[in-house]
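**Student:** Build the 3D model from these lines:
(one chain, ligands or ions: 1)
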Amino acid sequence: MSTATTHDDHHHGAPSGIMRWITTTNHKDIGTLYLWFAFINLLIGGAMAMVIRAELFQPGMQVVDPNFFNMMTTMHGLIMIFGAVMPGFVGLANWQIPMMIGAPDMALPRMNNWSFWILPFAAIMLIAPMFTGGAFLDGQGPAFGWTMYAPLSLQYDKLSFFIFAVHMLGFSSIMGAINIIATILNMRAPGMTLMKMPLFVWTWFITAFLLIAVMPVLAGAVTMLLTDKYFGTSFFAAAGGGDPVMFQHVFWFFGHPEVYIMILPAFGVVSQIIPTFARKPLFGYSSMVYATASIAFLSFIVWAHHMFTVGMPVAGELYFMYATVMIAVPTAVKVFNWMATMWRGSMTFETPMLWAIAFVFLFSLGGFTGLMMGIAPADMQYHDTYFIVAHFHYVLVTGAVFSIIAAVYYWLPKWTGHMVNETHGKIHFWWSTISVNVLFFPQHFIGLAGMPRRIPDYSVQFADWNMVSSIGGFAFGLAQVYFLFVLIKTIKGGEKATDQVWEGAEGLEWTIPSPAPYHTFETAPTVK
Ligand code: CU
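**Tutor:** The predicted structure is shown next:
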């Protein structure tokens, strides 16, 4: 692996080989570890999605048994959220934040190492129970949905494994978030005021506060599960006077901000890329910062829109409905700002820009269906159908995942010193973008027609669109294997990146000189 490193990594006596990666405190090394970890999990979670789409290819039960199917939907969600998307963004943060603010490294480099190395062990704790029991993969893993609703999750006899894994994931996230905040508040180059920070830094700064606020809530929720399961309490068990709906309240007080943890850094990425390829500064910088902060605030007061069907008082339903649709306002500010940035720019359409533009279109589509479900009476119809599955996959796949891919294409020349082959990048883009819509768009139709989510079989009227969706799914999965080929090819060689990657237009992302990655040090523009 020919990762770009600074010269001081190679001082005498520094560990080499595997020990370098285990003991590294360098933000670029740790960023690389996070990104590969995320990619491996994308492939594992993706393989589980392929099992789901294979089972749903036609009605009837043919590929897996129902419990195994439940385990696939559960593990697919958990692995994609905690294993792929979140570590992907933390990897980008590690690589870019110190360089973007002119810091030599993260504020707490040893804790940075620890934040990463907890993750593989958490992943093993999470996945290991799948391989226990009688036959190979006979379905002993968690199968209660990634939302781990009590009382169903309390039925799981290896729940302690699961809870320990969630705690470790939480430790990792909280330590990572503390590190990001400490770095941004203490290590900015002279002259870089908060309102001069690149938007990617701003969005991560706000995201880090969300993480510190809500990961302990998730920890609380699973700890209450733990004591209900093993220590005789009855937080969620109705038989002992507990309230199962309370679990949903606590879970979604974590879970809704979690959605924004996975999308705010995406907004940051897109806000870096669009100005570069439109050759104009970002339109409405300060409104972007305030919109991000508004979204973060609103994300704490809308949680029960996930629970419109539990039987809340009408006043509660109305409150959560109005609060939810208010999020459309700052989100629209962002989308209009991206469009205004492109307006009359001298635009070019290199691979990172294509992914960023696809993000703006397709994330907005996911936002619109989110609004549809935010309308409480309408949600009574959509709740727990494939419509929600379509919605959150637009937001998380063509939103979060597309932005991570865009960021990788955008920064890979700086990280590796090599340009990505544009033909390969564009093949990956069009292959993914067409297939992802074939995969998820029909799920709106079958959802509105009433097909329930998380069920391995369905009635025959849903057959045609499920088959189309599965074909799109297999094609999209294959496209990400092609991405692996593009990545390896770029890392191993390819056209040398010049000091002016993207013809120097990315200079717009640096508001003051900062130690850019070592291949492109000279491209940072001078102070304006
Ligand atoms: Cu929500």
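**Student:** Considering only helices and strands, which part of the protein has the lowest mean pLDDT?
**Tutor:** Ranking every helix and strand in the chain by mean pLDDT, DSSP states H and E puts helix 18-23 at the bottom, with a mean of 90.
**Student:** What's the first helix or strand after that one?
**Tutor:** Next helix or strand after helix 18-23 toward the C-terminus (DSSP states H and E): helix 27-55.
**Student:** circling back: please identify the buried residues of the least confident helix or strand of the chain?
**Tutor:** Buried positions in helix 18-23, judged by neighbour count with 16 or more other Cβ atoms under 10 Å: W21. For the C-beta atoms, the positions are set from N, CA and C on the backbone; glycine is no exception.
**Student:** heads up, I number from 23, so please use that
**Tutor:** Sure, I'll start counting at 23 from here, so that last one is helix 40-45.
**Student:** other SSEs contacting it?
**Tutor:** helix 49-77 (3 or more Cβ pairs under 8 Å, 6 or more residues apart in numbering; DSSP states H and E).
**Student:** I'd like to know which elements the helix it packs on is packed against.
**Tutor:** Using 3+ Cβ pairs under 8 Å, 6+ apart, the elements in contact with helix 49-77 are helix 40-45, helix 88-100, helix 108-123, helix 131-149, helix 424-438, helix 485-514.
**Student:** could you give the mean pLDDT of the fourth one?
**Tutor:** Computed over helix 131-149, the mean pLDDT rounds to 96.
**Student:** ok, the residue minimising distance to the centre of the chain - contacts?
**Tutor:** The centre of the chain sits closest to V107, judged by Cα atoms, centre = their mean, with a distance of 2.9 Å. Applying Cβ atoms under 8 Å, 6 or more residues apart in numbering to V107 gives the contacts A60, M284, L418, A422, V423, I426.
**Student:** Could you list the low-confidence segments of the stretch 123-272 of the chain?
**Tutor:** 156-161 (pLDDT under 70).
**Student:** go with 90
**Tutor:** Across the stretch 123-272 of the chain, the stretches falling below the confidence threshold (pLDDT under 90) are 151-163, 179-180, 211-214, 218, 259-260.
**Student:** The residue nearest to A211 when sequence neighbours are not counted: how many residues sit nearby?
**Tutor:** In this structure, A211 finds its nearest non-sequential neighbour in G124, 2.8 Å apart by Cβ to Cβ, 6 or more residues apart in numbering. Residue neighbour count, defined by other Cβ atoms under 10 Å, stands at 19 for G124.
**Student:** Unless I'm misreading it, G124 sits right up against T205, doesn't it?
**Tutor:** No: using Cβ atoms under 8 Å, G124 is not in contact with T205; the gap is 11.0 Å.
**Student:** The residue lying closest to N116 once chain neighbours are set aside: how many residues sit nearby?
**Tutor:** Nearest residue to N116 in three dimensions, chain neighbours excluded: G53, at 3.4 Å (Cβ to Cβ, 6+ apart). The number of residues packed near G53 is 25, by other Cβ under 10 Å.
**Student:** Tell me the pLDDT of the residue lying closest to L221 once chain neighbours are set aside.
**Tutor:** Nearest residue to L221, sequence neighbours excluded (Cβ to Cβ, 6+ apart): S293, at 3.7 Å. Looking at S293, its pLDDT is 95.
**Student:** List the contacts of S293.
**Tutor:** Taking Cβ under 8 Å, 6+ apart, we find S293 in contact with L221, F222, T225, L304, M310, K356, N359, W360.
**Student:** Which pair of these spans the longest distance?
**Tutor:** Using Cβ to Cβ, these span at most 14.7 Å, a distance reached by F222 and N359.
**Student:** the more surrounded of these two?
**Tutor:** Neighbour count, other Cβ under 10 Å: between F222 and N359, F222 has more, with 25 against 21.
**Student:** Which of the contacts of S293 fall in helices?
**Tutor:** Judged by DSSP state H, helices contain the following of these: L221, F222, T225, M310, K356, N359, W360.
**Student:** ok, how many other residues are close to the closest residue to I493 other than its chain neighbours?
**Tutor:** In space, and not counting its chain neighbours, I493 is closest to V460: 6.6 Å by Cβ to Cβ, 6+ apart. Look at V460: counted by other Cβ under 10 Å, it has 17 neighbours.
**Student:** just the one 10 residues further on next, same as before
**Tutor:** By the criterion of other Cβ under 10 Å, L470 has 15 neighbours.
**Student:** circling back: what's the helix or strand for the residue nearest to I493?
**Tutor:** Secondary structure from DSSP H and E places V460 in helix 444-470.
**Student:** I456 - how many residues pack around it?
**Tutor:** I456: 14 neighbours (other Cβ under 10 Å).
**Student:** Give the full set of residues in contact with the closest residue to it other than its chain neighbours.
**Tutor:** Excluding its sequence neighbours, the residue lying closest to I456 (Cβ to Cβ, 6+ apart) is A497, at 7.9 Å. By Cβ under 8 Å, 6+ apart, the contact set of A497 is W453, I456, S457, V460, L461.
**Student:** gap between the second one and Y431?
**Tutor:** Same thing as I456. 18 Å (Cβ to Cβ, to the nearest Å).
**Student:** so what's the residue nearest to I493 scoring on pLDDT?
**Tutor:** pLDDT at V460 comes out at 98.
**Student:** Test my guess that it contacts V490.
**Tutor:** Yes: at 6.3 Å, V460 counts as touching V490 under the criterion of Cβ under 8 Å.
**Student:** which residues are common contacts for those two?
**Tutor:** In contact with both V460 and V490: no residue, using Cβ under 8 Å, 6+ apart.
**Student:** hang on, the earlier thing: let me know the distance separating the residue nearest to A211 from I203.
**Tutor:** G124 is 17 Å from I203, where distance means Cβ to Cβ.
**Student:** Repeat that for G82.
**Tutor:** Plainly put, G82 is 52 Å away from I203 if you go by Cβ to Cβ.
**Student:** When the two are compared, which one has more neighbours?
**Tutor:** Per other Cβ under 10 Å, whichever of G82 and I203 has more neighbours is I203, with 18 against 11.
**Student:** Nearest residue to the more buried one in space, please, no chain neighbours.
**Tutor:** A230 (4.9 Å).
**Student:** closest to F91 among the contacts of V107?
**Tutor:** L418 (20.5 Å).
**Student:** In contact with that closest one, which residues are there?
**Tutor:** M102, V107, M284, I285.
**Student:** residue contacts, the first one?
**Tutor:** Taking Cβ under 8 Å, 6+ apart as the contact definition, M102 lies against N63, L64, G67, L418.
**Student:** what's the most distant pair in these?
**Tutor:** N63 and L418 (13.7 Å).
**Student:** returning to what we had before: what score does the residue nearest to N116 have for pLDDT?
**Tutor:** Predicted confidence (pLDDT) for G53: 97.
**Student:** Let me see the contact set for it.
**Tutor:** G53 is in contact with G113, L114, A115, N116, W117, Q118, counting by Cβ under 8 Å, 6+ apart.
**Student:** okay, the residues you listed in TSV with pLDDT next?
**Tutor:** Output for the contacts of G53, formatted as TSV (pLDDT from 0 to 100):
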residue	pLDDT
G113	98
L114	98
A115	98
N116	97
W117	95
Q118	95
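**Student:** most neighbours, which of those residues?
**Tutor:** So for the contacts of G53 (other Cβ under 10 Å), the most neighbours sit at A115, 31 neighbours.
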